[in-house]
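Peer 1: Please find the sequence and the predicted model below.
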Amino acid sequence: MIDFKKIEEKWQKRWEESKIFYSDPDDREKFFITAAFPYLNGVLHAGHLRTFTIPEVEARYQRMKGKNVLWTFGYHVTGTPILGLAEQIKERREEVIKAYTELHGIPKDVLLDLDTPEKIVEYFSKKAKEAFKKMGFSLDTRREFTTNDETFKKFIIWQFHKLKEKGYIVKGSHPVRYCPKCDNPVEDHDLLHGENATLVEYILIKFKSEDNEIFPVATLRPETVFGVTNIWVNPEKTYVRAKVNGEIWVLSKEAAEKLKYQDREVEILEEFKGEELINKEVINPITNKKVPILPAKFVKTNIGTGCVMSVPAHAPYDYVALRDLGLIDKIKIIPLIKVKGYGEIPAKEIVEKLNIKSQEERKKLDEATKKLYKDEYHKGILNENCLDYKGIPVKEIKERLTEDLINKGLAEVMYEFSEEKVVCRCGSPCIVKIVKGQWFIKYSDKKWKELAHKCVDQMNFIPEHLRKVFHEMIDWMKDKACVRRRGLGTKFPFEEGWIIESLSDSTIYPAYYTIAKYINEMNIKPEQLTLELFDYIFLGKGDLEEVSKKSNLDKEVVKKMREEFLYYYPVDWRCSAKDLIPNHLTFYIFNHVAIFPEELWPKGIVVNGYVTIEGKKLSKSKGPLLPVLEVAEKYGADVGRFYIATCAELSQDADIRFNELEKTKRVLERLYNFTKEVINMKESEESEIDRWLLSKLYRSVKEYYNYMDNFELRKAGILLSHYLLDEYINWYKRRGGNNKEILREYLETIIKLIAPFTPHLAEELWEMLGKKGFISLEKMPKVKEELINEEIEFIEDYLKNLIEDIKEIIKITNSSPKKIYIYTAEPWKCQILNIINENRDKNAKEIIRLIMQNPEFRKFGKEVPKLVNHLIKVKALNIDEEEILKKNKEFLKKEFNAEIIINGEDKANKKRVAIPYKPAIYLE
């Protein structure tokens, strides 16, 4: 039984003592990799483990490729979540106590003492550092910090000065996600539910009744107002008459409450059920036509205003609702948009195509709506029913039409969340609020967006499709509230009483990593970190003498800080999970291009999928969670690392299965036992199969480098566990391989390749082999191109495939053959293979044409094209099959315990079906 834990503790201690992962500038090529640092309101869990193990494995790999790797961590503690947690612990909230004792594994007496933000930060930062150490992370720990450190706050103040100088920090009135209880704008990190909710801009078009009451109809598609046939309200829900900025509005009760927060004076005059409005008429302010109010249960009164325009020509829901009411033939449908692939009434077409029977078929209706809206947006042109707007593409109309309607007093704007449930960590539902005198980062700035787009064009993305996603994010980005009234963080430098919020102080901190070791080790005081010092270090501005004098720092220290920043920057790869694309990762690009010169812009972003546990969504408050320390304790660090890094393709969500963790353990045990076996080998025999094993080995090294350079860790893991540690070595032994020298070379290479994944075990095996020093600092093996032999590999594949074919026939016939007849292809077929291999630059059609010019081949007619396509597909080489079979006759005899006859008597006319690389087989 291998004691993985003992091995891990031994090597973690040695690494710590020798400080081998500390990185300082030298003459090597640098490699700077970072991950979005963890937020410390809980223990590190399986989600963190995946996101952080990917760059950790890559950092170790690049270090073994001879690069000077900078890989470290800071800890995110600013904002309201930690403050909220401290308050909840102080209040002895039952659900919080339960979650943190049962899921996070914190003893109750310890948890109840964590009743201040400072205690929480101290406790969870220790736990995070312990988790990183136990998992064998190769970090430069001299550069650690938390976002609440006074020294780091000075860096954030400098960042905000730079943004304000560029005009990117502005004050104004803007809609924000807001918690009424906390009396604060909230960002993604502050939310319990709805972290991905964005603000959606509804246009309220003011339909009027005859007695001048306004029915504000909420829409995301104002261009469809020209085709309104009726208004929908929900007869079962509560509506109100309310005085809104002096006008009388009729709308849902929920909408009236929301509008109070959106810069409007609202006084509710009367409440009633929606059924009272049915069959009344209102006037379309754009066309001046009267339209009726009709009932629809699909209308949600908690979204928009509870009054919805009906445009049956272009809205599947509206078309089906009118049909359900028996009004589809009585109401004149008004088509507005010409769209390629559809007739005059697109909604009717798509409803009939999907065979939608009623309003109850929500799933089908949602699908129809999504498809039709997408097609109309991208390909639609407004027709003559749209009056002055005829001929304008749908994708260009919204902004122009909205502006026109607002200027004419016919419409207003209302903001909603893109998700129904948005809840603050304090437990209160959030609202959209127009905040006056609020400070914003002006992400809407067009010139700034242009710079961000330019950066994205130059960057590397894994997966590559993210390039398009980031371009879309940049286009979509709006101004963002950057300060709040409470929480941990940096005091806003431009107005008293504000604190910089947590997604605004975590954008360019990789730059701080480059100098953090000086600040930490030299105990540099916050007051020494002046704006001029940061200007000099990060932008090369100012006079060294003056900067040194003003900061009270030695000239040489300042100079070294500048040199160190320039040595490591820009960041080569930034790694994160996909939930940070709409916020942190996009802000990371924006802030870098705003502050730093182009040559220091980020070079690459790597994004991984989410994590589930046994098919269940991971949750910090409800579980499952799987803390990182539990993985290390229960399964071992190397098992956890290898499994989490290779269990799913990077872009896919990873589902952690405990039985798969056990299987991974067995893979590592196999490697350990294989090492002992090689060490204890006494005899050593040379054979031809040695050449095959070395060819497979160095071809695999080549493939491994390609996978690792592209973060294809799953493929690298399969190559290691399935092929190198299983299939290849088993075939080698099966073919009689027993060369200690060859096996030792093979083993040493595998140990190096697996070291980034399982560093503790690799160090132990390296030492067992009598090697000195750390494998973590060894160079990755060179690819010995001269040993890669395509023909040798092809011959062994030929034999493997032949054995599998014979086995398959035995299985199908349920026989135990005494004799096995093997027939190789007729000469004409081998000649065709020669022609294919002589014309590898040509495609199948060209080769067939060439072959058919020869009358000798024409007589085989239809057989030729079939044969050519097959041989091209399998990439068959010219080999002397008969010679190979004769040479391996004894091997085949041993495999099947039967007499092997090669090209003997043609039993059952079998020889005719043989083709190159696929002999015919007859069992007797």
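Peer 2: Structure's in. What do you need?
Peer 1: buried stuff in the longest helix along the chain?
Peer 2: If you go by DSSP state H, the chain has its longest helix at helix 790-813. By neighbour count on 16 or more other Cβ atoms under 10 Å, the buried set for helix 790-813 is 792-796, 798-799, 802, 806, 810. Every residue, glycine included, has its C-beta placed from N, CA and C.
Peer 1: From the contact counts, what lies against it?
Peer 2: helix 689-709, helix 881-887, helix 889-896, strand 920-923 (3 or more Cβ pairs under 8 Å, 6 or more residues apart in numbering; DSSP states H and E).
Peer 1: In JSON lines: these, plus mean neighbour count and distance to residue 162.
Peer 2: Supplementary listing: the helices and strands packed on helix 790-813 in JSON lines, determined by neighbours: other Cβ atoms under 10 Å; distance: least, Cβ to Cβ, whole Å:
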{"stretch": "helix 689-709", "mean neighbour count": "19", "distance to residue 162": "34"}
{"stretch": "helix 881-887", "mean neighbour count": "16", "distance to residue 162": "70"}
{"stretch": "helix 889-896", "mean neighbour count": "15", "distance to residue 162": "72"}
{"stretch": "strand 920-923", "mean neighbour count": "19", "distance to residue 162": "75"}
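Peer 1: now these in CSV, with mean pLDDT?
Peer 2: Shown next, in CSV, are these (pLDDT from 0 to 100):
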stretch, mean pLDDT
helix 689-709, 98
helix 881-887, 95
helix 889-896, 96
strand 920-923, 96
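Peer 1: List the residues that contact residue 173.
Peer 2: 263, 434-438 (Cβ atoms under 8 Å, 6 or more residues apart in numbering).
Peer 1: just the residues you listed now: which is nearest residue 191?
Peer 2: residue 435 (17.2 Å; Cβ to Cβ).
Peer 1: secondary structure class for the closest one?
Peer 2: strand (DSSP: H, G, I helix; E, B strand; the rest coil).
Peer 1: possible to save the helices and strands packed on helix 790-813 as CSV with distance to residue 442?
Peer 2: Formatted as CSV, the helices and strands packed on helix 790-813 follow (distance: least, Cβ to Cβ, whole Å):
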stretch, distance to residue 442
helix 689-709, 38
helix 881-887, 72
helix 889-896, 73
strand 920-923, 74
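Peer 1: Return the longest helix of the chain as CSV; C-alpha atoms alone will do.
Peer 2: The C-alpha coordinates for helix 790-813 follow below in CSV (Å, rounded to 0.1, in the frame of the first residue of the first chain):
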residue,chain,number,x,y,z
GLU,A,790,6.4,5.4,-38.9
GLU,A,791,7.0,2.1,-40.5
ILE,A,792,7.8,0.2,-37.3
GLU,A,793,4.7,1.6,-35.6
PHE,A,794,2.6,0.8,-38.7
ILE,A,795,3.8,-2.8,-38.6
GLU,A,796,2.8,-3.2,-35.0
ASP,A,797,-0.6,-1.6,-35.6
TYR,A,798,-1.0,-4.1,-38.5
LEU,A,799,-0.4,-7.0,-36.1
LYS,A,800,-2.7,-5.5,-33.4
ASN,A,801,-5.5,-5.0,-35.9
LEU,A,802,-5.1,-8.5,-37.3
ILE,A,803,-5.3,-10.0,-33.8
GLU,A,804,-8.5,-8.0,-33.1
ASP,A,805,-10.0,-9.1,-36.4
ILE,A,806,-9.3,-12.8,-35.6
LYS,A,807,-10.7,-12.4,-32.1
GLU,A,808,-13.8,-10.8,-33.5
ILE,A,809,-14.4,-13.8,-35.9
ILE,A,810,-13.8,-16.3,-33.1
LYS,A,811,-16.3,-14.4,-30.9
ILE,A,812,-18.9,-14.3,-33.7
THR,A,813,-18.5,-17.9,-34.7
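Peer 1: Just the angle for it relative to helix 689-709, thanks.
Peer 2: 100 degrees (axes from the mean of the first three to the mean of the last three Cα atoms, to 10 degrees).
Peer 1: helix or strand right after helix 790-813?
Peer 2: Past helix 790-813, further along toward the C-terminus, the next helix or strand under DSSP states H and E is strand 819-823.
Peer 1: Can you pull out the residues in contact with that next one?
Peer 2: Under Cβ under 8 Å, 6+ apart, the answer for strand 819-823 is 802, 806, 885, 892, 896, 898-907, 910-911, 914, 919-924.
Peer 1: buried residues in it?
Peer 2: Result for strand 819-823 [16+ other Cβ under 10 Å]: buried residues 820-823.
Peer 1: Which helix or strand contains residue 249?
Peer 2: strand 247-252.
Peer 1: tell me how far whatever helix or strand comes next after that strand is from the chain's mean position?
Peer 2: The first helix or strand that comes after strand 247-252 along the chain, using DSSP H and E, is helix 253-259. Mean-position distance between helix 253-259 and its chain equals 37 Å (Cα atoms, centre = their mean, to the nearest Å).
Peer 1: which helices and strands does helix 253-259 pack with?
Peer 2: So helix 253-259, by 3+ Cβ pairs under 8 Å, 6+ apart, packs with strand 238-244, strand 266-273, strand 411-417.
Peer 1: Alpha carbons of the second one, as CSV, please.
Peer 2: What follows is strand 266-273 as a C-alpha-only set of coordinates in CSV (Å, rounded to 0.1, in the frame of the first residue of the first chain):
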residue,chain,number,x,y,z
VAL,A,266,-45.2,57.7,-7.7
GLU,A,267,-48.4,57.9,-5.7
ILE,A,268,-50.7,54.8,-5.8
LEU,A,269,-54.4,56.0,-6.0
GLU,A,270,-56.3,52.7,-6.5
GLU,A,271,-55.8,48.9,-6.7
PHE,A,272,-57.9,46.5,-8.7
LYS,A,273,-57.8,43.2,-10.6
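Peer 1: Strand 247-252 and that strand, what's the angle between them?
Peer 2: 50 degrees.
Peer 1: before we move on, back to that, and which of the buried residues of strand 819-823 is nearest residue 506?
Peer 2: Nearest to residue 506 among the buried residues of strand 819-823: residue 822, at 67.1 Å, using Cβ to Cβ.
Peer 1: With pLDDT as new columns, can the contacts of residue 173 be given to me in CSV?
Peer 2: Converted to CSV, these look like this (pLDDT from 0 to 100):
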residue, pLDDT
263, 91
434, 91
435, 85
436, 86
437, 88
438, 89
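Peer 1: Adding distance to residue 207 and neighbour count, write those residues out as a markdown table.
Peer 2: Formatted as a markdown table, the contacts of residue 173 follow (distance: Cβ to Cβ, whole Å; neighbours: other Cβ atoms under 10 Å):
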| residue | distance to residue 207 | neighbour count |
| --- | --- | --- |
| 263 | 22 | 14 |
| 434 | 24 | 17 |
| 435 | 30 | 18 |
| 436 | 29 | 10 |
| 437 | 34 | 8 |
| 438 | 32 | 21 |
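Peer 1: Quick one: these as TSV, columns for distance to residue 649 too.
Peer 2: TSV is the format used below for the contacts of residue 173 (distance: Cβ to Cβ, whole Å):
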residue	distance to residue 649
263	47
434	44
435	42
436	48
437	48
438	42
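Peer 1: Nearest to residue 563 among these?
Peer 2: residue 438 (40.2 Å).
Peer 1: Tally up the residues packed near residue 295, please.
Peer 2: Residues lying near residue 295 (other Cβ atoms under 10 Å) number 17.
Peer 1: of the helices and strands packed on helix 253-259, which approaches residue 60 most closely?
Peer 2: That would be strand 411-417 among the helices and strands packed on helix 253-259, by Cβ to Cβ, at 42.3 Å.
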